[in-house]
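Undergrad: make a model of this:
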Amino acid sequence: MNRELFEKIANSDIALHSSFAVWDDSDITNIKVISSSVDKLTSEIVIVGLNPSGSKKTNLENRLRNFHWKYRGCKDYYLRAAFQQPSSRFKGAFMTDIVIDNPSKSQTSVKVSITSLRRFIDELECIQFFTIPN
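TA: Numbers count the residues shown, from 1 in each chain. As a prediction, this is how the structure comes out:
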């Protein structure tokens, strides 16, 4: 990924609920490793979750923090273990959720609306996963 596309993503609202499959081996919450690994990031592979796994603060200080949390019950360590393997094709992939406004831990209570799907498609276009022809 080039620096220009990374900055576009990092400085947009997308960064409030997404991230990249890159972690600091010693501190899962250290998101500085993302901006220093731009050459390893890709928007050609997208890892998609249904919804955030808990109520997390989505403010400017937490841009690109989704999937990089450390709290009781958090499963982000499993993501790091799966996607950060040296041979993994998923290392550096873009990660996001389809439904961003329902942090329920129960998947059965999460409803995917047309609005959520449109936002998700817009997000994929913004990261240049694909381009919608005019």
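
Undergrad: list the contacts of the lowest-mean-pLDDT helix or strand in the chain.
TA: Using mean pLDDT, DSSP states H and E, the weakest-scoring helix or strand in the chain turns out to be helix 76-83, at a mean of 89. Around helix 76-83, the neighbours that count as contacts under CB atoms under 8 Å, 6 or more residues apart in numbering are 21, 23, 28, 47, 67-70, 88, 90-91, 93, 95. All C-beta spots, glycine's among them, are computed from the backbone N, C-alpha and C.

Undergrad: quick check, nearest of these to residue 1?
TA: For the contacts of helix 76-83, the residue nearest residue 1 by CB to CB is residue 93; the value is 10.4 Å.

Undergrad: go ahead and confirm the closest one touches residue 21.
TA: Yes: applying CB atoms under 8 Å as the test, residue 93 and residue 21 come out as touching, 4.5 Å apart.

Undergrad: any residues in contact with both of the two?
TA: Both residue 93 and residue 21 are contacted by 47, 83, under the criterion CB under 8 Å, 6+ apart.

Undergrad: tell me which of those two has more neighbours.
TA: More crowded of residue 93 and residue 21, by other CB atoms under 10 Å: residue 21, with 24 against 19.

Undergrad: contact partners for the more buried one?
TA: 47, 67, 79, 83-84, 90-95.

Undergrad: by neighbour count, which of these wins?
TA: Within those, most neighbours by other CB under 10 Å means residue 67, with 27 neighbours.

Undergrad: wait, isn't that residue in contact with residue 94?
TA: No: using CB under 8 Å, residue 67 is not in contact with residue 94; the gap is 10.4 Å.
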